[in-house]
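Asker: Whatever this is, show me its structure:
(one chain, ligands or ions: 2)
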Amino acid sequence: MQPCVVLKYGELALKGRNRWRFEEVLLRNLRNTLADLPDVAIRRRNGVLVVHGAPLDVLIERGQIVLGLALVHRAAMVKPTLRAIERGVVALLREGKPASTFALRPRRRWKGFEADSHAIAVRVGDFVRERLGLKVDLTNPDVEVGIEVDRYEALLYTAKLPGQGGLPVGVNGRALTLLSGGYDSPVAGYRAMRRGLSSDYVHFSGMPFTSPQSIYKAYGLVTKLDKFRGGGSRLWVVSFGNAQRSLATAGAGNLQVLAQRRLMVRTASYLAKQIGADALITGDSLGQVASQTLANLVAVEDAAELPLLRPLLGWDKSEIVAEAERIGTAEISILPDEDCCTLFASPLAETRAEVPQLEKIERRLELDPIVEELIASAKVHDFPAKTT
Ligand code: ATP
Ligand code: MG
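Answerer: Ligands and ions are numbered 1, 2, ... in the order given. The predicted structure follows:
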């Protein structure tokens with residue numbers, strides 16, 4: 001009996017003709033997630049991956065973090081014979097919590113197996129009753145045993161753990177997430193990844209007028225987010241302070257925050273095009289703060305040269321914070337930093353900005369060289385994938 005972990009796809013299984021590609025991407029991400037464990041082997045079965053060769057707790061933890069897996073089982077692998085299955089199931093039940101009733105849930109994926117599901121249940125069930133004195137209860141058992149028979153092994157397990165769900169990162173294109181130090185944008189990046197988008201990140205710091213604190217936070221946030229895809233993210237850090245000052249000098253006044261935001265999405269659009277990303281992602285949630293009225297979202301988006309996606313548009317703050325806690329970004333978002341947005345910001349922020357007013361301010365500056373300069377001076381931090 002060999003200990004192993006069984007990983008099951010979620011929605012992926014439903015994707016018909018694209019399925020092979022989804023599987024390839026998931027496998028790549030999983031391999032990257034496991035790359036530091038040299039003895040791990042992954043067996044690919046129909047709709048299921050079997051992983052072994054490292055402590056199960058470690059494999060389970062990794063399986064639970066990769067996007068695209070719906071279920072994770074701590075399992076044991078035995079030869080695909082009734083005899084081996086009987087013994088394996090008894091051994092598994094002996095190891096587990098004391099129980100007085102049980103149910104077997106057999107599944108014969110390999111149709112060439114000597115018995116069908118019903119026959120497996122009868123034969124193995126009899127053996128368990130005889131050896132362990134447990135009773136069968138199919139509706140409310142103390143313990144359920146999954147038995148999945150494939151060509152080269154049978155998989156046995158008693159526990160189901162949830163995976164992240166979603167789709168494997170990379171099956172639905174590339175985007176660039178505008179990452180601040182707050183709660184929202186990392187969650188937005190995660191939710192986009194969860195739909196299969198591969199994302200890089202850009203952070204605008206108030207440097208040279210602020211400390212580098214917000215950059216450390218961005219770095220920490222990407223470290224967390226990168227785990228869901230097994231590596232391969234990149235973070236661009238743009239020192240935005242001087243450009244912000246130029247906007248202030250141009251008399252942005254109560255439009256300062258929006259003018260800055262427009263310059264951010266404009267710069268991010270150019271960067272995205274350079275790296276082959278097809279959309280921008282922000283953490284905007286409608287009406288959450290003064291800068292996120294519908295009019296303001298529209299005014300900012302007007303400056304974007306790529307579609308701007310807002311995965312959190314309809315989320316409440318409390319929902320966003322709960323998700324940030326679940327995915328582990330909250331502990332970084334909560335750290336203090338000097339947010340670049342408040343530099344030069346007027347206390348009377350405009351809630352109903354109009355594009356012509358913003359354009360008027362922008363015409364007082366030469367935007368193109370500013371954007372070019374911002375991009376040229378951007379610093380990239382790589383979070384390399386370990387194998388591919
Ligand atoms: P967050 O919690 O993500 O900071 P927020 O509620 O503070 O969001 P805003 O400050 O209005 O909202 O920012 C809206 C969005 O603009 C952010 O979610 C983020 O995507 C982007 N953004 C804001 N500031 C920055 C920054 N300094 N660098 C990169 N993106 C930013
Ligand atoms: Mg913010």
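Asker: From now on I want contacts and neighbour counts done on CA atoms only, so please keep to that.
Answerer: Fine.
Asker: biggest strand in this structure, by residue count?
Answerer: Among the elements of type strand in the chain, defined by DSSP state E, the one spanning the most residues is strand 69-78.
Asker: could you say what helices and strands that strand packs with?
Answerer: When contacts are defined as 3 or more C-alpha pairs under 8 Å, 6 or more residues apart in numbering; DSSP states H and E, strand 69-78 sits against strand 2-9, helix 56-65, helix 82-95, strand 154-157, strand 161-162.
Asker: Buried residues, the fourth one. List them.
Answerer: For strand 154-157, a neighbour-count test (16 or more other C-alpha atoms under 10 Å) marks 154, 155, 156, 157 as buried.
Asker: Equivalent analysis for the longest one, please.
Answerer: Burial within helix 82-95, assessed by neighbour count using 16+ other C-alpha under 10 Å, is assigned to 82, 84, 85, 86, 87, 88, 89, 90, 92, 93.
Asker: quick one: low-confidence parts of this structure?
Answerer: Flagging of the chain using pLDDT under 70 yields the residue ranges 10-16, 388.
Asker: what are the ranges of the helices in it?
Answerer: With DSSP state H as the criterion, the chain has helices at 19-33, 56-65, 82-95, 117-132, 184-194, 213-226, 241-249, 256-274, 294-301, 317-327, 330-333, 355-363, 367-376.
Asker: Tell me which of these sits most buried.
Answerer: For these, the stretch with the most neighbours on average is helix 184-194, a mean of 26; neighbours defined as mean count of other C-alpha atoms under 10 Å.
Asker: Show me how far that helix is from its chain's centre.
Answerer: Once both centres are worked out by C-alpha atoms, centre = their mean, to the nearest Å, helix 184-194 turns out to sit 7 Å from its chain's centre.
Asker: which one of the helices and strands packed on strand 69-78 lies closest to ligand 1?
Answerer: Go through the helices and strands packed on strand 69-78 one by one with C-alpha to the nearest ligand atom and the one that ends up closest to ligand 1 is helix 56-65, at 22.2 Å.
Asker: Put the alpha carbons of the closest one into CSV.
Answerer: As requested, C-alpha coordinates have been extracted for helix 56-65 and formatted as CSV (Å, rounded to 0.1, in the frame of the first residue of the first chain):
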residue,chain,number,x,y,z
LEU,A,56,1.4,13.6,2.3
ASP,A,57,0.8,16.8,4.4
VAL,A,58,3.1,18.7,2.0
LEU,A,59,1.5,17.3,-1.1
ILE,A,60,-2.0,18.1,0.3
GLU,A,61,-1.0,21.7,1.1
ARG,A,62,0.4,22.2,-2.5
GLY,A,63,-2.6,20.5,-4.0
GLN,A,64,-4.9,22.8,-2.1
ILE,A,65,-3.2,25.9,-3.4
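Asker: For residue 235, name its beta-bridge partners.
Answerer: Taking DSSP bridges as the rule, residue 235 bridges to residue 201, residue 381.
Asker: right, and it touches residue 219 too?
Answerer: Yes. Between residue 235 and residue 219 there is a contact under C-alpha atoms under 8 Å: 7.4 Å.
Asker: Residue numbers of the stretch 201-350 of the chain in contact with ligand 1?
Answerer: On the criterion C-alpha under 6 Å from any ligand atom, ligand 1 has as its neighbours in the stretch 201-350 of the chain the residues 202, 203, 204, 205, 282, 283, 284, 291, 340.
Asker: quick one: contacts for the first one?
Answerer: Residue 202 makes contact with 176, 177, 178, 179, 235, 236, 237, 238, 268 under the criterion C-alpha atoms under 8 Å, 6 or more residues apart in numbering.
Asker: Quick check: the first one vs residue 342, distance?
Answerer: Separation of residue 176 from residue 342 (C-alpha to C-alpha, to the nearest Å): 23 Å.
Asker: Looking at these two, which is more packed in?
Answerer: A count of neighbours by other C-alpha atoms under 10 Å puts residue 176 above the other of residue 176 and residue 342, at 30 against 12.
Asker: who does the more buried one bridge with?
Answerer: Residue 176 has the following beta-bridge partners by DSSP bridges: residue 200, residue 280.
Asker: Test my guess that it contacts residue 199.
Answerer: Yes. Using C-alpha under 8 Å, residue 176 makes contact with residue 199 at a distance of 5.3 Å.
Asker: ok, now how distant is the nearest residue to residue 348 once chain neighbours are set aside from residue 301?
Answerer: Beyond its immediate neighbours in the sequence, the residue positioned closest to residue 348 (C-alpha to C-alpha, 6 or more residues apart in numbering) is residue 254, lying 5.7 Å away. Residue 254 sits 18 Å away from residue 301 when distances are taken as C-alpha to C-alpha.
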